[in-house]
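Colleague: Got a sequence here, can you build the structure:
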Amino acid sequence: MVLCAFNFMQHSVPSEEDSKTTFTVDTVQWVFEGQAFEIAIVGHRDGRVLLMEPLIIYPVENMGNLIERPLWSGNAKTRVTIDDSLPIIKNWIHDCETAHPECKSQKDVPILPTRVLDVGTAESEDCYLRQPGGEMAHYAALSHCWGKTKPLSTTTETLAERLKGIPFNTLPKAFRDAVVLTRKLGIRYVWIDSLCIIQDDTRDWEHEAARMGDIYQDAYITIAATVAHGSDEGFLRPEKPARRMFFPALKQHGYSGLAYVRMEASDYYMSHWSPLAQRAWVFQELVLSRRLIHFTEDQIFWQCAHWTTSEDGVAKYFYSKESGSGNIHYEERALGPGLKHTLAKDSLAIEDFRGCWWAGVENYSSRKLTYPSDRVPAFLAVTKLFQNMTGDIPLAGLWKNDFCVGLLWTVKLNSDGAPPLRFSNVPSWSWFSIDAPLRGHEFSEHKVPVPRLELLEAKVTWEREPLVSPMVGGKAVVRGRLKKMYLGFVLKGTSLDVDHVCLRMELTRNSEESQIVVVGRCTLDDPSRIIDHEIWCLDVTEHRTWLYVEGRNVRCIVHSVLILERTGGDANEYRRLGCGNVNYEYDFEDIQPQTITLI
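Modeller: Down below sits the predicted model:
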């Protein structure tokens, strides 16, 4: 089986460079997954370790109706086109409409967005922009990367021209593919952001950005141009079908030996490594859409609140199982249409909402924005979803009822050591204030945070419409315990180790002379800034944990703290520098609470 698989790999992934040297197999891993075998081969060539793309080997006896799908045709000389795949897509849509109650919309037929692209019928040539004014109809939505150059768009100057008509051949390739697919699905309209929002009209842009959640939730289907780096790239690409081969080793497992072979479905590519997965605006589009069709390099994927499946039928992940508190796969739920269904469960505890929210924040903050100032509006629809589900009040990326725990986000340090971009108009305690990948506070049933801080007042000021227009300031008045400390940096070679910053405190015990001791560790928001003056630790939460102390496990309390510095303004006004933990021996009980303002 391994030799046949290796032969397939050698002929399926040719390389002009690699063909001149010999590939040596080092290890072979194969597992039986569901109805098929998965094989991965690791080897080396010219001193380099190489991992071959995993293979799926599907015995014909296990294929059932899958054998009728074009990808399993066995004709290696024929590419699979969108017309070949269309019956599968239509079947997915039909099954979702009739058998997935969690995917149903509250509106049988929605009101069309402010503007849509009218694609006509399958026989139409050109299309045109429409302003339907309250008309109800089904429509598709396109989720795509803009790319390095701005795609065809609508401006105040071109609006009248777009309403008269848009020649099909003037559309960029991704838009053309979206129009073609929309027509083939029998849908009259498609929503494309750059064409349906007036790009140079601030009021219109903010109005439509505020409705982005409704636009994608109401869309009959969202077309995800997952593989395209920009609008000038098409995504309806011909796919390579499986090869039909004979594997004598399959007879040892009770099969005839005849099987179909193809490269493993690139579902990881769909979720994490695709061009689309790098774009911040797309995050809310993927989370809020009811149904998604992903077009990847090698096949089509389907994603809805019920499940994720692939054109070859191998990748199937069901999301419809009941999930109680603590059992939700936060990352999965925060990456697709299953999130809204999950949040709607009556049994969901605050820890589940918190976990889903911060899984989403972590994923979103790792994505890129062409304009960093879009960091807040590009997350607006997700914020509104949580607000509607919880009834809580959003506070610049945090929540009023969970404010203390929300303060404890940390920055993931850049590998190149470059300082992150900070926004001076955003309060320092908000994760919106920094353009960098983040992580939320760690949550588990064994690490439940207990608030040690009281929120007295919080205010966020916006230039115009909240959450859409630019933020122009904010403050949080809190009551808690502060301790003066110092930061301790250690050398890592010839430079400072910013991954391990110590919290140091002057300590006096038993009337002895004072000494500086290490009482904890912290992560700075901007590790490039070396702080040699005093800082302040604000006691935010405490949690119980197990620590290994002097040869035994000890149940102890750890305090999570904000690292602050004085602003130089009012005496009780502070700015965030980072976040950390204070060791269990050093509590804050000897400190009287005081009221301070965080800006």
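
Colleague: got the domain boundaries for the protein?
Modeller: Domain assignment of the chain by automatic domain parsing yields the ranges 2-81+241-263, 398-599.

Colleague: Which residues are in contact with Leu562?
Modeller: Going by CB atoms under 8 Å, 6 or more residues apart in numbering, Leu562 touches 407-408, 429, 537-538, 540, 576, 578-579, 598. Using the backbone N, CA and C atoms, a C-beta is placed for each residue, glycine as well.

Colleague: So it belongs to a helix, correct?
Modeller: No. Assigned with DSSP: H, G, I helix; E, B strand; the rest coil, Leu562 falls outside any helix and is strand.

Colleague: so how far is Val472 from it?
Modeller: Here Leu562 is placed at a distance of 23 Å from Val472 (CB to CB, to the nearest Å).

Colleague: Tabulate the domains of the chain (CSV), appending mean pLDDT and distance to Lys384.
Modeller: CSV is the format used below for the domains of the chain (pLDDT from 0 to 100; distance: least, CB to CB, whole Å):
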stretch, mean pLDDT, distance to Lys384
domain 2-81+241-263, 72, 38
domain 398-599, 85, 8
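
Colleague: quick one, which of these is nearest to Arg162?
Modeller: domain 398-599 (23.5 Å; CB to CB).

Colleague: Next, the distance between the ends of that closest one.
Modeller: Chord length of domain 398-599, first to last residue, is 14 Å (CA to CA, to the nearest Å).

Colleague: and what of stretch 192-200?
Modeller: 16 Å.

Colleague: buried residues in the helix or strand hosting Gln387?
Modeller: Taking DSSP states H and E as the criterion, Gln387 maps to helix 380-390. Buried positions in helix 380-390, judged by neighbour count with 16 or more other CB atoms under 10 Å: 380-386, 389-390.

Colleague: ok, longest helix in the protein?
Modeller: The helix spanning the most residues in the chain, taking DSSP state H as the definition, is helix 82-99.

Colleague: Quick check: next helix or strand after it?
Modeller: That would be, after helix 82-99 and using DSSP H and E, strand 116-118.

Colleague: Okay, now the sheet partners of that next one, with direction.
Modeller: Within its sheet, strand 116-118 is paired with strand 128-130 (antiparallel), strand 189-191 (antiparallel), according to DSSP bridges.

Colleague: any idea which of those is most buried?
Modeller: Of the strands paired with strand 116-118, the one with the most neighbours on average (mean count of other CB atoms under 10 Å) is strand 189-191, at a mean of 26.

Colleague: Quickly note the distance from the closest residue to Lys368 other than its chain neighbours to Pro377.
Modeller: Leaving aside its sequence neighbours, Lys368 sits nearest to Gln278 (CB to CB, 6 or more residues apart in numbering; 5.5 Å). Noted for Gln278: a distance of 18 Å to Pro377, by CB to CB.

Colleague: Among those two, which residue is more densely surrounded?
Modeller: Pro377 (22 against 14; other CB atoms under 10 Å).

Colleague: picking that back up, ok, the residue nearest to Lys368 touching Thr370?
Modeller: No. Between Gln278 and Thr370 there is no contact under CB atoms under 8 Å: 11.4 Å.

Colleague: returning to that earlier point: redo the contacts of Leu562 as JSON lines? Include secondary structure, neighbour count and distance to Ala224.
Modeller: What follows is the contacts of Leu562, written out as JSON lines (DSSP: H, G, I helix; E, B strand; the rest coil; neighbours: other CB atoms under 10 Å; distance: CB to CB, whole Å):
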{"residue": "Leu407", "secondary structure": "coil", "neighbour count": "25", "distance to Ala224": "35"}
{"residue": "Leu408", "secondary structure": "coil", "neighbour count": "20", "distance to Ala224": "33"}
{"residue": "Trp429", "secondary structure": "coil", "neighbour count": "27", "distance to Ala224": "35"}
{"residue": "Cys537", "secondary structure": "strand", "neighbour count": "27", "distance to Ala224": "45"}
{"residue": "Leu538", "secondary structure": "strand", "neighbour count": "24", "distance to Ala224": "43"}
{"residue": "Val540", "secondary structure": "strand", "neighbour count": "24", "distance to Ala224": "39"}
{"residue": "Arg576", "secondary structure": "strand", "neighbour count": "21", "distance to Ala224": "36"}
{"residue": "Gly578", "secondary structure": "strand", "neighbour count": "21", "distance to Ala224": "37"}
{"residue": "Cys579", "secondary structure": "strand", "neighbour count": "21", "distance to Ala224": "35"}
{"residue": "Leu598", "secondary structure": "strand", "neighbour count": "23", "distance to Ala224": "39"}
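
Colleague: Could you identify the most distant pair in the residues you listed?
Modeller: Farthest pair in those (CB to CB) is Trp429 and Cys537. Separation: 14.5 Å.

Colleague: related to what we said a few turns ago, reformat the strands paired with strand 116-118 as TSV; add mean pLDDT and distance to Cys502.
Modeller: Conversion of the strands paired with strand 116-118 to TSV gives the following (pLDDT from 0 to 100; distance: least, CB to CB, whole Å):
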stretch	mean pLDDT	distance to Cys502
strand 128-130	97	60
strand 189-191	99	52
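
Colleague: possible to save the ones you listed as JSON lines with distance to Glu157?
Modeller: Listed next are those as JSON lines, based on distance: least, CB to CB, whole Å:
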{"stretch": "strand 128-130", "distance to Glu157": "14"}
{"stretch": "strand 189-191", "distance to Glu157": "21"}
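
Colleague: and Ile516, which of those is closest to it?
Modeller: That would be strand 189-191 among the strands paired with strand 116-118, by CB to CB, at 60.8 Å.

Colleague: Mind giving me the packing neighbours of the helix or strand just after the closest one?
Modeller: Next in sequence after strand 189-191, counting helices and strands by DSSP H and E, comes helix 193-196. Applying 3 or more CB pairs under 8 Å, 6 or more residues apart in numbering; DSSP states H and E, one finds that helix 193-196 contacts strand 116-118.

Colleague: if we can go back for a sec, quick one: which of the strands paired with strand 116-118 is nearest Ile530?
Modeller: Closest approach to Ile530 among those is made by strand 189-191 (49.0 Å; CB to CB).

Colleague: still on that earlier bit, contacts for the helix or strand that comes right after the helix holding Gln387, please.
Modeller: Using DSSP H and E, the helix or strand that follows helix 380-390 towards the C-terminus is strand 394-395. With contact meaning CB under 8 Å, 6+ apart, strand 394-395 is reached by 383, 386-387, 400, 403, 406, 430, 458, 460, 467, 474, 476.

Colleague: do the same with stretch 183-191
Modeller: 82-83, 86, 89-90, 93, 112-113, 115-122, 124, 130, 137-142, 178-179, 182, 215, 219-221, 223.

Colleague: And the helices in the stretch 1-150 of the chain?
Modeller: Remark: helices assigned in the stretch 1-150 of the chain by DSSP state H, counting those that start in this stretch are 2-12, 60-63, 82-99.

Colleague: mind checking how far the nearest residue to Tyr548 once chain neighbours are set aside is from Asp126?
Modeller: Distances taken as CB to CB, 6+ apart place Val554 nearest to Tyr548, at 7.6 Å, with adjacent residues excluded. Note on Val554: its distance to Asp126, by CB to CB, is 74 Å.
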